[in-house]
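**Q** Need a 3D model of the following:
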Amino acid sequence: MARLKGARLTLWGIVAALGMVTASCGGGADAGSHTVTINWYIGKQSTPAFVHDAAACSKTSGGRYRISINDLPADASQQREQLVRRLAAKDKSIDVIGMDVIWTAEFAEAGWVKEWTGDQLAGVADGRLPAALATAQYKGRTWAAPQNTNAQILFYRKDLVPKPPVTWDDMINEAKRLGPNGRIEAQGARYEGLVVWFASLVASAGGQIIQDDHAVAGPATVKALQVMHDLLASHTADPALSNATEDTTTQSFIAGRAAFMVNYSALFSSIKAQAPDLVPKIGFAPWPRVAPDLPSRPTLGGFNLGVGAFTKHPAESFDAATCLVNADSQVRNAAEGGLPPTIAALYQDPGVRDSLGGFADILHDTIGNAAVRPVTPAYNDVSLVIQRTLHPESKITPDRTANQLKKALDKALRSGGLI
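**A** A predicted model of the protein is given here:
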């Protein structure tokens with residue numbers, strides 16, 4: 001009997017041990033602890049900054065949670081498609097979401113992200129650049145934490161151009177003077193980059209694309225389209241404009257085929273890596289104005305972090321997201337990925353200023369005066385309409401195209417947004 005009793009105790013010990021292993025393999029907990037796994041879904045990055053952020057925040061949690069990065073495609077449209085399908089199915093495994101700044105209204109209206117309130121909100125709102133925080137808000141409520149921001153500036157060859165142009169007209173005239181070496185690079189392919197270009201032109205002309213849920217086809221819209229028309233008519237744009245993206249324009253600028261480029265500041269890290277000898281020849285200036293008496297207002301890019309509405313670990317997810325957007329993480333993002341911070345004070349941090357390559361002040365001022373792309377749950381449809389109506393840019397006739405765009409946008413807005 002004693003031997004049988006011992007055998008039973010041994011058997012129960014084995015069962016207990018197996019039970020512990022099974023628990024560690026499911027439910028998001030690590031072996032021998034109550035550590036929760038927080039799944040962070042974010043677009044695949046070319047730098048290790050986010051991996052380092054996740055490791056640092058996991059360590060800081062003291063064993064409460066471990067952040068696991070789940071890579072989404074690098075393309076923003078594909079990111080959204082995957083997230084929309086999973087969130088529409090109420091996927092509980094999605095804890096923290098890397099959200100493009102243009103998704104806020106759609107995800108909030110659909111009930112796919114939790115609202116930030118109270119101390120949680122204060123922890124990610126205090127000290128943020130107002131424009132960056134605005135990209136995380138919808139109907140007066142905050143739905144995400146600003147992780148990084150970005151806006152386009154003007155890159156120019158200061159060995160060719162002694163003084164940067166102030167307006168688009170100035171830039172076109174200077175490009176004409178330079179001839180073949182004076183090309184202008186902008187993003188004109190049929191994708192979101194074209195929307196950014198057009199929206200930035202409209203905002204810089206003092207207008208909006210959408211107001212009170214209706215499309216606007218006023219003087220600012222016509223003026224924006226006139227700039228695009230004039231650039232094509234001047235033959236100073238890259239001949240491949242209708243296929244140009246952020247990356248292709250950067251490559252053309254690196255190759256010496258252009259004197260001017262409007263692009264996101266984060267692309268400077270690619271220039272430094274690929275063409276260090278070119279860096280001393282590059283100047284930086286604010287995005288060109290549309291009118292001499294109005295400041296330029298390029299639209300913001302960047303990512304915000306939302307907490308999935310169906311997460312099984314809301315408290316840990318909010319804490320993890322708060323850590324991922326803190327000052328340490330933002331300094332690291334700037335140093336390792338060239339990603340501009342959303343915390344205003346960091347633009348005076350020596351490390352951040354060094355990482356931003358000499359345009360920290362220009363970028364800070366640009367973001368302070370930046371615009372946001374149309375805030376609507378139907379943004380995806382709005383974006384597609386703009387792309388289809390304005391591409392290729394060679395067919396733009398300002399007045400007629402403005403009327404066509406208004407009709408198409410109003411139809412998209414009435415649809416209420418399509419998944």
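
**Q** what's the spacing between stretch 251-259 and its chain's center?
**A** 24 Å (CA atoms, centre = their mean, to the nearest Å).

**Q** Repeat that for stretch 315-334.
**A** On CA atoms, centre = their mean, the centre of stretch 315-334 falls 16 Å from the chain's centre.

**Q** Span of that stretch from start to end?
**A** 28 Å (CA to CA, to the nearest Å).

**Q** mean confidence score for it?
**A** Across stretch 315-334, pLDDT averages out at 97.

**Q** Please identify the buried residues of that stretch?
**A** Judged by neighbour count using 16 or more other CB atoms under 10 Å, the buried positions of stretch 315-334 are 316-326, 329-334. The way it works is simple: take the backbone N, C-alpha and C, and place the C-beta from them, glycine included.

**Q** now stretch 104-118
**A** 104-110, 112-114, 116.

**Q** same question, stretch 397-409
**A** 398, 401-402, 404-406, 408-409.

**Q** what's it in contact with?
**A** The contact list for stretch 397-409 (CB atoms under 8 Å, 6 or more residues apart in numbering) reads 209-210, 215-217, 221-223, 225-226, 229, 382, 385-386, 388-390, 395.

**Q** Got a PyMOL select line for the buried ones in those?
**A** In PyMOL syntax, the buried subset of the contacts of stretch 397-409 is picked out as below (16+ other CB under 10 Å):
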select buried, resi 209+210+215+216+217+221+222+223+225+226+229+382+385+386+389+390
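
**Q** Among the contacts of stretch 397-409, which lie within strands?
**A** 210, 215 (DSSP state E).

**Q** need the strands for the stretch 151-300 of the chain, in chain order.
**A** For the stretch 151-300 of the chain, the strands defined by DSSP state E, counting those that start in this stretch occupy 152-157, 184-185, 210-211, 214-215, 260-264, 282-285.

**Q** which stretch among the ones you listed comes nearest residue 373?
**A** strand 210-211 (9.4 Å; CB to CB).

**Q** That closest one pairs with which strands?
**A** Strand pairing for strand 210-211, determined by DSSP bridges: strand 214-215 (antiparallel).

**Q** contacting residues for the nearest residue to residue 48 once chain neighbours are set aside?
**A** Of all residues not flanking residue 48 in the chain, residue 336 sits nearest, at 6.3 Å (CB to CB, 6 or more residues apart in numbering). Counting by CB under 8 Å, 6+ apart, residue 336 touches 47-49, 52.

**Q** which one of those is nearest residue 275?
**A** For those, the nearest to residue 275 is residue 47 (18.0 Å; CB to CB).

**Q** Include secondary structure and distance to residue 84 when you put the contacts of residue 336 into TSV, please.
**A** Conversion of those to TSV gives the following (DSSP: H, G, I helix; E, B strand; the rest coil; distance: CB to CB, whole Å):
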residue	secondary structure	distance to residue 84
47	coil	26
48	coil	28
49	helix	26
52	helix	29
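
**Q** Just the buried residues from these, in PyMOL please.
**A** Here is the PyMOL command that picks out the buried ones among those, judged by 16+ other CB under 10 Å:
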select buried, resi 49+52
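
**Q** Among the contacts of residue 336, find me the one that's closest to residue 244.
**A** Scanning the contacts of residue 336 for proximity to residue 244, where the rule is CB to CB, the winner is residue 47, at 23.7 Å.

**Q** who's in contact with the closest one?
**A** 336-337.

**Q** ok, now how distant is it from residue 70?
**A** 17 Å (CB to CB, to the nearest Å).

**Q** and if you look at residue 368?
**A** 34 Å.

**Q** And stretch 374-384, what's buried?
**A** Quick answer for stretch 374-384 (16+ other CB under 10 Å): 374-384.

**Q** Could I get the buried residues of stretch 104-118 in JSON lines, plus columns for distance to residue 191, secondary structure and pLDDT?
**A** Shown next, in JSON lines, are the buried residues of stretch 104-118 (distance: CB to CB, whole Å; DSSP: H, G, I helix; E, B strand; the rest coil; pLDDT from 0 to 100):
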{"residue": "104", "distance to residue 191": "20", "secondary structure": "helix", "pLDDT": "98"}
{"residue": "105", "distance to residue 191": "20", "secondary structure": "helix", "pLDDT": "97"}
{"residue": "106", "distance to residue 191": "18", "secondary structure": "helix", "pLDDT": "97"}
{"residue": "107", "distance to residue 191": "21", "secondary structure": "helix", "pLDDT": "98"}
{"residue": "108", "distance to residue 191": "24", "secondary structure": "helix", "pLDDT": "98"}
{"residue": "109", "distance to residue 191": "24", "secondary structure": "helix", "pLDDT": "97"}
{"residue": "110", "distance to residue 191": "23", "secondary structure": "helix", "pLDDT": "98"}
{"residue": "112", "distance to residue 191": "24", "secondary structure": "coil", "pLDDT": "98"}
{"residue": "113", "distance to residue 191": "25", "secondary structure": "strand", "pLDDT": "98"}
{"residue": "114", "distance to residue 191": "30", "secondary structure": "coil", "pLDDT": "98"}
{"residue": "116", "distance to residue 191": "30", "secondary structure": "strand", "pLDDT": "98"}
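
**Q** Reduced to three states, what does the residue nearest in space to the middle of the chain come out as?
**A** Centroid check for the chain by CA atoms, centre = their mean gives residue 302 as the closest residue, at 2.4 Å. Three-state assignment for residue 302 (DSSP: H, G, I helix; E, B strand; the rest coil): strand.

**Q** In three-state terms, how would the closest residue to it other than its chain neighbours be classified?
**A** Leaving aside its chain neighbours, residue 302 sits nearest to residue 149 (3.9 Å; criterion: CB to CB, 6+ apart). Of the three states, residue 149 takes strand according to three-state DSSP.

**Q** Go ahead and confirm residue 149 touches residue 346.
**A** No: using CB atoms under 8 Å, residue 149 makes no contact with residue 346, being 11.0 Å away.

**Q** ok, these two, which is more surrounded?
**A** residue 149 (28 against 21; other CB atoms under 10 Å).

**Q** For residue 68, see how far away that one is.
**A** 25 Å.

**Q** do residue 55 as well
**A** In terms of CB to CB, residue 55 sits 11 Å off from residue 68.
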